[in-house]
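Peer 1: Next input, structure requested:
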Amino acid sequence: MNAEYPDWRGLVRRHWHVIAMFALGGILAFAGAVYVFLWFVSNAQSSGMVPSMLGLWTMANLVTFIVYAVLWELLLIGVPIAIAAVIGWRWWKRIPREEWRGYRFSGRKRTSGGGGGSLLFFVAFCIKVFVDGKRNVPIATFTLDYVVGSIITILVLGLIIVGIPVTIGLAWWLSREPKKP
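Peer 2: Next comes the predicted model:
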């Protein structure tokens, strides 16, 4: 058992630079995925792949849009993430077994829960439509740009609202001294 740091906090403190690089890579991958999706949405409309008015979409438009969006995301974001995952796995395997042997990596187990995210996202979208003054506009006349822009705005605001307290809490937790047994 590692007496200095009985939980995985010691591993984080010892290898903070590598973990910070992977955290930065995760943030950049998320931002890149959002950017690629915005780029694809604008090109899909301008190329005529899909109509800009949602009320004019057919099932063929929807399937084509989803398949091409997934393929572009996999090509431009998925491949670099896979390469980073291989690098991370190789780094993890190079850590000497004696160094991570004493750390406890078990946490609480969750068996059920969830499902509130969709409702929260729907409420946030309703608030966004209300704030934009489009509460009496038929939903079928919303453009793809408006819906995607609203989704991105909601995601960014949600990440800011949740991310700042989580970052502060994580920094506080990592800076605490471990209890002496």
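
Peer 1: most centrally placed residue in this structure?
Peer 2: F30 (5.4 Å; C-alpha atoms, centre = their mean).

Peer 1: which ones are touching that one?
Peer 2: Not one residue lies near F30 by C-beta atoms under 8 Å, 6 or more residues apart in numbering. Glycine gets a C-beta too; all of them are placed from N, C-alpha and C.

Peer 1: same check, this time on T64
Peer 2: T64 makes contact with M49, V50 under the criterion C-beta under 8 Å, 6+ apart.

Peer 1: quick check, it in a helix?
Peer 2: Yes: under DSSP: H, G, I helix; E, B strand; the rest coil, T64 falls within a helix.

Peer 1: ok so, going back, which element is the residue nearest to the centre of the chain on?
Peer 2: Element membership for F30 (DSSP states H and E) is helix 16-46.

Peer 1: Number of residues surrounding the closest residue to V36 other than its chain neighbours?
Peer 2: Once flanking residues are discounted, V36 sits nearest to L76: 5.0 Å by C-beta to C-beta, 6 or more residues apart in numbering. As a burial measure, L76 scores 15 neighbours (other C-beta atoms under 10 Å).
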